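J.: just a sequence and a predicted model for now, questions to come.
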Amino acid sequence: MDITLDIVIEKCQKYLENIPTIVVGSGASVPYGLPTMAQLGEEIKTSLHSKYEGDIGWQSFLTHLENTGNLEVALHKTTVSEEIVNDIITITWQFILSCDHVVFERVYKSNYMLQLSRIFDKLLQSHPRRINVITANYDRLIEYAADAIRVNIDLGFSGNYIKHFTGLESHVCPKTVNLCKVHGSLDWYKRVRDNQLVSVTSRDVDTNELFPVIVTPGFKKYQETHMEPYRTLIMEADKYIKDASSFLCIGYGFNDEHLQPKLIEQIQILNKPIVIVTHTLSEKGTEILQNSQKFIVFEYLDVNRTKISSDFGEVIVNGNVWELGEFINIWLGE
C-alpha cells in the first residue's frame, strides 16, 4: 500500500496510545542552545590546553580529538591523569551550566514554552497520571518543562526549580514525572568532606567543597557508573524500560551502552513499539531497528522535508515533522 502521512499519524497514535516511557537524548536539548559534543570538545580544548600542553596524555587526547572529531571516542582511547579528568568534568559542568541557565531565565521570565511541557501536559491527563522519563543529559530542561506546567517531578530529591504558592498542605500533585538521570545532573554534587550526595540549585557553588556529579564521556564513564548514585539510577532505568508499554525517543542517538541492552530486548524480542524523533538516526539506531517489528522514525531530510521510516514502509513528507514541536502537532492533533 502507499504510505501517507495520515497513515503514519494513525499508526503513531496507536503505538503510543498508552503512556510511553520517554527516552530523552542530547538532540532534544541542542535546539535550545545546549552544546553539541563538538562544541563541548572545543571548549575543553580551549580551556585546558595552556595548562596541559606539555602533558603526554593530553597531547594524545588532542590528537584523537582532531583525527576523529568525536569527544567521546577521543576520551575513550586516551589515558589521562586524574587531574585532567577532574578538570574536564569541571569545564563540562561550567559550560553546560551557563547554557542551561539561559534557558531557565527564558522559561521563568516569559511564557516561553519547552516542547516537553506539551507532551507532559497531554499524557498526564490520562491514568495513572505518571510518566517515566530516562535521560543521560546533565541539563535540567526536563525539570523546567515539568515545573512550567506545575506538575511534580521526582528525581529522588525533594524540591523543584520553579515553585508556585498554592497554600500549606495543598502541594500534593497527582501528576508526576519520574525522571531517571543516569549520568547525573548539573545540580548534583559529592560533598568533599564526607562524600555525601547532595543537590544544590544555586549557580554559585564552591567546587572545592562540592564536586559535580556528572559522568563525562570516555572510558571513565564505565568505571564511574558502577558506583553510586549511578548504579541505582541505571537499575531504575532498567525497570522503567522493562515496565514500558512503548517508547518515545527524542533526540536519542542509541550510543549509550547502559541503556541499550534492555531497550533492544524490549523492542526486538518483546516487540514493544518505539517512535523516534531525531535530526539524524545514528548507525547504531538503524542497525537496531532492522531487527525490530514496530517502529516509526521521524528524521531530517532537508530544510523542507522529513523522512519517515517505519516497519510498514518509508515516506518523504513536506515540512519539518522531525522537529519536536511539529511532531507533537501531528501526534496529538494540536
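T.: All right, it came through fine. Numbers count the residues shown, from 1 in each chain.
J.: alpha carbons of stretch 74-89, as PDB, please.
T.: C-alpha atoms of stretch 74-89 as PDB (Å, rounded to 0.1, in the frame of the first residue of the first chain):
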ATOM      1  CA  ALA A  74      39.000  10.700  22.000                       C
ATOM      2  CA  LEU A  75      38.400  10.300  25.700                       C
ATOM      3  CA  HIS A  76      37.800   6.600  25.400                       C
ATOM      4  CA  LYS A  77      41.000   6.000  23.500                       C
ATOM      5  CA  THR A  78      43.200   8.100  25.800                       C
ATOM      6  CA  THR A  79      44.600   7.600  29.300                       C
ATOM      7  CA  VAL A  80      44.900  10.900  31.100                       C
ATOM      8  CA  SER A  81      45.700  11.800  34.600                       C
ATOM      9  CA  GLU A  82      43.100  12.100  37.400                       C
ATOM     10  CA  GLU A  83      43.800  15.800  37.500                       C
ATOM     11  CA  ILE A  84      42.900  16.200  33.800                       C
ATOM     12  CA  VAL A  85      39.800  14.100  34.200                       C
ATOM     13  CA  ASN A  86      38.600  16.300  37.100                       C
ATOM     14  CA  ASP A  87      39.300  19.400  35.100                       C
ATOM     15  CA  ILE A  88      37.400  18.000  32.200                       C
ATOM     16  CA  ILE A  89      34.400  17.300  34.500                       C
END
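J.: let me see the mean pLDDT of it.
T.: Computed over stretch 74-89, the mean pLDDT rounds to 88.
J.: likewise for stretch 122-135?
T.: Here the average pLDDT along stretch 122-135 is 92.
J.: and that stretch, which residues are buried?
T.: Across stretch 122-135, burial judged by 16 or more other CB atoms under 10 Å covers 123-124, 130-135. (Glycine included, C-beta is placed from N, CA and C.)
J.: please work out which residues outside it touch it.
T.: 19-25, 120, 142, 151, 174-182, 237, 240-241, 243-244, 259, 332, 334 (CB atoms under 8 Å, 6 or more residues apart in numbering).
J.: swap in stretch 84-103?
T.: Applying CB under 8 Å, 6+ apart, the external contacts of stretch 84-103 come out as 32-35, 40, 43-44, 47-48, 51-52, 55, 57-58, 61, 75, 80, 114, 138-141, 144, 186, 203, 207, 211-212, 214, 216, 220.
J.: hmm, which of the residues you listed are the buried ones?
T.: 32, 34-35, 40, 43-44, 47-48, 52, 55, 58, 61, 75, 80, 114, 138-141, 144, 186, 211-212, 214, 216, 220.
J.: can you select the buried ones among the contacts of stretch 122-135 for me in ChimeraX?
T.: Applying 16+ other CB under 10 Å to the contacts of stretch 122-135 leaves a buried subset, and the ChimeraX line that selects it is:
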select :19,20,21,22,23,24,25,120,142,151,175,176,177,178,179,180,181,182,237,240,241,244,259
